[in-house]
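Trainee: Dropping the sequence and predicted coords here.
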There are 2 protein chains.
Amino acid sequence: MQEVLFDFISKYISLTDEEKNALDALDIFRSVKKGTILLEEGQKSKDSYFVLKGCIRKYYVIDGEEKTTAFYTEMEVLTPHCVTSKTPSEYYVSCIEDSIITVTNPEMEVETNSKFPKFEIMCRVLSEELLAKQQIDFDEFKTSSPEQRYLNLIQKRPDLIQRVPQHQLASYLGIKPQSLSRLRARIVEKKI
Amino acid sequence: MQEVLFDFISKYISLTDEEKNALDALDIFRSVKKGTILLEEGQKSKDSYFVLKGCIRKYYVIDGEEKTTAFYTEMEVLTPHCVTSKTPSEYYVSCIEDSIITVTNPEMEVETNSKFPKFEIMCRVLSEELLAKQQIDFDEFKTSSPEQRYLNLIQKRPDLIQRVPQHQLASYLGIKPQSLSRLRARIVEKKI
DNA sequence: ATCATTTCTTAACTTAAGTGAACAAGTCGT
DNA sequence: ACGACTTGTTCACTTAAGTTAAGAAATGAT
């Protein structure tokens, strides 16, 4: 499984054997069962998750209702807000498929970054990339209707539609499950 | 005006006189008039903007309609997507008040970062911070109705409601100007 | 295999946003 | 001061999403 991580990293920086060993030594790989809750509301965690295989989801509970706002699949990183803000988490993170992830914390990063300055650069590039992507996604969300957003999702992350329950997809699209169901029926209607 | 920039930077790293001089030497301060278009759709620009005073806005033109997706005010940075993606810009950036901004490009950053490794760290922290903030904003947007979003905006960025035209605010909230006008009337109604 | 739970769909009704148009108020340039 | 353009509001009408509820289908546990 390390290979998947090394391949990912090699897109940003080249790794020496020494660096690979240092990463191995951190013992960051975890195998998690579907349904496992990685982070709960109110918890103070320092852990970031990088998905090597599988899917994790972030959700809020508002007025007793789950509101899913993000899915993280292969090669995606989630650093919960509470890690940087040092406040209790506003949301949950759970595993919606049996998954393999890495679990890291800021201390590990600080240590690795000071030993290998290359990592600092990779972290900056990565978070800048992520920020740029996030901004485009947000813009698209704001400028389109729920129906357009769903059609857009079919184009951009068709896998999600297969692997994720509809009611979780609905809040991801900013609507209610019934609306998504109706909207889907409407689209099929139009095609005929 | 440099002082404003130095104060901002000093929240992240401490600056020596040598470093301050290096920054001065870059000659990055610009004074821009209201209405100036800093970036046009289709353009390939490398410039990032940091607002010291005033307000700039980012907008798309979709089916002949302007869709405003972000405002940047004092102490906020905009690195347009085209800078990192090296593709023509999908959107416009214009100045909606007489403003003072800095204009920088990746070459400057590379140079400064290699001279002063501290800057690399600041850049990472900054973009991580921005990413975290952006994610919270996106989550809030997804989990709330237009009316809640407007009430939220009154709390979080009351200045925007004063300094920005309503029809631009509307698309920022993901709705049409008429809907915002109606929604505002509804809120006033409720208060009485 | 059965029961309970979760997930998804459908329908009727309510509420709010989109649309198109008209008008008033404000701003800008000359 | 004037007209042109921009901005904001209102209204009538259309369309779509929210709500509540019922039931079908799928999933999981024992």
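Mentor: That came through, no problem. Because the structure is predicted, anything quoted here is derived from the model rather than measured. Residues are numbered from 1 along each chain as shown, chains lettered A, B, ... in the order given.
Trainee: Let me see the contact set for A:Glu128.
Mentor: Residues in contact with A:Glu128, defined by CB atoms under 8 Å, 6 or more residues apart in numbering or on different chains, are B:Thr79, B:Thr84, B:Cys123, B:Ser127. All C-beta spots, glycine's among them, are computed from the backbone N, C-alpha and C.
Trainee: Am I right that it falls within a helix?
Mentor: Yes - counting by DSSP: H, G, I helix; E, B strand; the rest coil, A:Glu128 is found in a helix.
Trainee: ranking the contacts of A:Glu128 by neighbours, who comes first?
Mentor: B:Ser127 (23 neighbours; other CB atoms under 10 Å in any protein chain shown).
Trainee: looking at it, that residue is touching A:Val125, isn't it?
Mentor: No - taking contacts as CB atoms under 8 Å, B:Ser127 lies outside contact range of A:Val125: 9.3 Å.
Trainee: hang on, the earlier thing: for DNA strand C, state which of the contacts of A:Glu128 is nearest.
Mentor: When these are compared for distance to DNA strand C (CB to the nearest atom of the strand), B:Thr79 wins out at 28.6 Å.
Trainee: tell me the pLDDT at that closest one?
Mentor: pLDDT recorded at B:Thr79 is 95.
Trainee: Could you measure from it over to chain A?
Mentor: B:Thr79 is 7 Å from chain A, where distance means CB to the nearest CB, to the nearest Å.
Trainee: per-residue confidence for the nearest residue to that residue once chain neighbours are set aside?
Mentor: Using CB to CB, 6 or more residues apart in numbering or on different chains and skipping the chain neighbours, the partner closest in space to B:Thr79 is B:Ser48 (4.2 Å). Predicted confidence (pLDDT) for B:Ser48: 96.
Trainee: What values do phi and psi take at B:Ser48?
Mentor: B:Ser48 has phi and psi values of phi -100, psi 150 when expressed as degrees, to the nearest 10.
Trainee: Surely it is in contact with B:Cys82?
Mentor: No - B:Ser48 is beyond contact range of B:Cys82, at 10.8 Å (criterion: CB under 8 Å).
Trainee: next one: phi and psi at the spatially most central residue of chain A?
Mentor: In chain A, the centroid-proximal residue (CA atoms, centre = their mean) is A:Tyr72; its distance is 2.7 Å. Dihedral pair for A:Tyr72: phi -120, psi 120, per degrees, to the nearest 10.
Trainee: what is it paired to in the beta sheet?
Mentor: Beta-bridge pairing of A:Tyr72 under DSSP bridges involves A:Ile56.
Trainee: go on, A:Glu65?
Mentor: A:Ile62.
Trainee: Count the neighbours of it for me.
Mentor: Other residues close to A:Glu65 by other CB under 10 Å number 12.
Trainee: helix/strand/coil for A:Glu3?
Mentor: helix.
Trainee: Contacts only, for the nearest residue to A:Asp137 once chain neighbours are set aside.
Mentor: Leaving aside its chain neighbours, A:Asp137 sits nearest to B:Phe138 (7.4 Å; criterion: CB to CB, 6+ apart). For B:Phe138, the contact set (CB under 8 Å, 6+ apart) comprises A:Thr69, A:Gln134, A:Asp137, A:Phe138, A:Phe141.
Trainee: so where does the nearest residue to the second one once chain neighbours are set aside fall, helix or strand?
Mentor: Going back to what we said before, that points to A:Gln134. Using CB to CB, 6+ apart and skipping the chain neighbours, the partner closest in space to A:Gln134 is B:Gln134 (5.3 Å). Under the criterion of DSSP states H and E, B:Gln134 resides in helix B:117-143.
Trainee: hmm, that helix touching DNA strand D?
Mentor: No - remark: helix B:117-143 sits outside contact range of DNA strand D, by CB under 7 Å from any atom of the strand, the gap being at least 10.2 Å.
Trainee: picking that back up, contacting residues for the residue nearest to B:Thr79?
Mentor: Per CB under 8 Å, 6+ apart, neighbours of B:Ser48: B:Val77, B:Leu78, B:Thr79, B:Pro80, B:Val83, B:Val103, B:Thr104, B:Asn105.
Trainee: For A:Ile37, see how far away the closest residue to A:Ile154 other than its chain neighbours is.
Mentor: Nearest residue to A:Ile154 in three dimensions, chain neighbours excluded: A:Ile161, at 6.3 Å (CB to CB, 6+ apart). Here A:Ile161 is placed at a distance of 24 Å from A:Ile37 (CB to CB, to the nearest Å).
Trainee: Same check on A:Pro158?
Mentor: A:Pro158 is 27 Å from A:Ile37, by CB to CB.
Trainee: got the contact list for the residue nearest to A:Ile154?
Mentor: A:Leu153, A:Ile154, A:Leu169.
Trainee: make it 10 Å
Mentor: Each residue near A:Ile161 by CB atoms under 10 Å, 6 or more residues apart in numbering or on different chains is listed here: A:Tyr150, A:Leu153, A:Ile154, A:Leu169, A:Arg184.
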